[in-house]
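> What would the 3D arrangement of this be:
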Amino acid sequence: MLWRGDFHNARQLLQAMARRAEKPPQRKQRRTPQTELPVATPAQDFHRHRLAQSQRARMLAMLLLPFEGDYGIALRRAPDVRLACTEAWGPAANESGIQGAPAASTDAAGCDGARATASVASLRELLGITSAHEWRRKGVEIAALGAAPNNRIYPHYGVFSPVRGEYLALVASAPLPATQEAEFLAFDIGTGTGVLSALLARRGVHRVVATDLDPRALACAHHNLAQLGLSDTVQLLQTDLFPSGRASLVVCNPPWLPARAGSAIERAVYDEDSRMLLGFLAALSQHLAPGGEGWLILSDFAEHLGLRSRAALLAAVAAAGLQVVGRLQAKPLHPKAGAARDALHAARAAEVTSLWRLRSREVAPTA
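Sure thing, here's the model as predicted:
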């Protein structure tokens, strides 16, 4: 539905649609007293929850707004969202037209003579974009980075925000490995906002090489490291998993749930078939300097959901020629951990985040 009326009324309609979507359907079922429904497993509850969330998102995305060629919204009481949309979608127009266009578009003549494009996009997506713009403008205070004001990370649109402080505290407090390397080099695999690289640099690591495949993440990390004055310490590299060479410390915080991501931002949470986790473990020993350690930051949420077992994780560690030399743990602090009405409350309440300290397994010399 393309909305042509007042912008605030469109927001009210979206809120009403969301309330309707959250209300369970009332269906009468004939049941004999002996009929008992089978108890769902945690994995089944998880998949049903994801399906319901997907259907809800698809329905709410059907409320569309018209955008002008410069991302302006020609509706009464509409806010100026041009900067937020430019951050998310890219520059509105150049000689060849729009670059980061929303869902659908039709050509229109721009005021300056350049070719502009009129478009439509969902109100729900727009609200997510404006919310991300506020995160980017205000930043997220990271206590582990030290005292304010020089302790903020500024997430960009499409890059996961480091709002879960427990895993950051683990990285800030874990003992650094004692190696014989003259230069303490660390690798940060899947850097995202660059927050773990910043933490390592603030802890005195001489040099960090941070990798990511996503150009948005690399741009975000570059901005954050420059803001923190750490650009000379951290090198950013667009590559899958590891850079070349060996390091005294290799840190990785892979997505925690082995399921398919439904959008780009969900790739920070969902790792289909545990591709990143298993890839990190399989090649870790090849990139560790003698005496070096790999730090795997991982929640056991997937274990409580029945999506991955602890035995499978430890088997993957052993198969990669690694051994566990230590483990730091922390309970989650995010609001959902205590929300009894959450569909996955039982698993969230039991969740523990761990920093697994891994080393190459020593091989006994042959006779």
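
> contacts and neighbour counts: CA atoms only from here.
Noted.

> Starting from the longest strand that the chain contains, tell me which strands it pairs with and how they run.
The residue-count maximum for a strand in the chain (DSSP state E) belongs to strand 288-299. Under the criterion DSSP bridges, strand 288-299 sits next to strand 247-252 (parallel), strand 353-360 (antiparallel) in its sheet.

> got the CA coordinates for the longest one in PDB?
If I follow you right, that is strand 353-360. Extracted in PDB, the C-alpha atoms of strand 353-360 (Å, rounded to 0.1, in the frame of the first residue of the first chain):
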ATOM      1  CA  THR A 353      29.000 -16.100  26.900                       C
ATOM      2  CA  SER A 354      32.400 -17.600  26.900                       C
ATOM      3  CA  LEU A 355      35.900 -16.600  25.800                       C
ATOM      4  CA  TRP A 356      37.600 -19.900  24.800                       C
ATOM      5  CA  ARG A 357      41.400 -19.700  25.000                       C
ATOM      6  CA  LEU A 358      42.800 -22.000  22.300                       C
ATOM      7  CA  ARG A 359      46.300 -23.100  21.400                       C
ATOM      8  CA  SER A 360      47.800 -25.500  18.900                       C
END
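
> Check what contacts it and list those residues.
166-167, 170-171, 285, 288, 291-300, 321-332 (C-alpha atoms under 8 Å, 6 or more residues apart in numbering).

> try the shortest one
Contacts made with strand 247-252 from outside it, assessed by C-alpha under 8 Å, 6+ apart, are listed as 176-177, 179, 181, 184-190, 280, 284, 287-297.

> so how far is Pro243 from the closest residue to Lys138 other than its chain neighbours?
Leaving aside its chain neighbours, Lys138 sits nearest to Tyr154 (7.2 Å; criterion: C-alpha to C-alpha, 6 or more residues apart in numbering). As judged by C-alpha to C-alpha, to the nearest Å, Tyr154 and Pro243 stand 25 Å apart.

> What ranges does the protein have for its helices?
7-22, 42-60, 82-89, 123-138, 165-173, 195-202, 215-227, 275-284, 301-304, 310-319, 345-350 (DSSP state H).

> Could you dump those into a markdown table with mean pLDDT and mean neighbour count added?
Formatted as a markdown table, these follow (pLDDT from 0 to 100; neighbours: other C-alpha atoms under 10 Å):
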| stretch | mean pLDDT | mean neighbour count |
| --- | --- | --- |
| helix 7-22 | 92 | 14 |
| helix 42-60 | 87 | 15 |
| helix 82-89 | 93 | 19 |
| helix 123-138 | 94 | 18 |
| helix 165-173 | 91 | 18 |
| helix 195-202 | 96 | 24 |
| helix 215-227 | 96 | 20 |
| helix 275-284 | 95 | 19 |
| helix 301-304 | 89 | 21 |
| helix 310-319 | 95 | 14 |
| helix 345-350 | 80 | 18 |
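
> Quick one, which of those helices gets closest to Pro254.
helix 275-284 (5.9 Å; C-alpha to C-alpha).

> what angle do that closest one and strand 288-299 make?
160 degrees (axes from the mean of the first three to the mean of the last three C-alpha atoms, to 10 degrees).

> Would you map out the domains in this protein?
Domain segmentation of the chain under automatic domain parsing yields 1-11+62-138, 140-360.

> could I get the ones you listed as CSV with distance to His47?
Converted to CSV, those look like this (distance: least, C-alpha to C-alpha, whole Å):
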stretch, distance to His47
domain 1-11+62-138, 23
domain 140-360, 9
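
> Please identify the deepest-packed of the strands paired with strand 288-299.
Stretch with highest mean neighbour count among the strands paired with strand 288-299: strand 247-252 (a mean of 26; mean count of other C-alpha atoms under 10 Å).

> Am I right that Ala18 is in contact with Leu60?
Yes - with contact defined as C-alpha atoms under 8 Å, Ala18 counts as touching Leu60 (7.0 Å).

> that older thread, can you list the residues that contact the longest strand of the chain?
Taking C-alpha under 8 Å, 6+ apart as the rule, strand 288-299 contacts 167, 177-181, 246-256, 284, 351-360.

> any idea how far that strand is from the chain center?
Averaging C-alpha positions (C-alpha atoms, centre = their mean, to the nearest Å) puts strand 288-299 21 Å from its chain's average.
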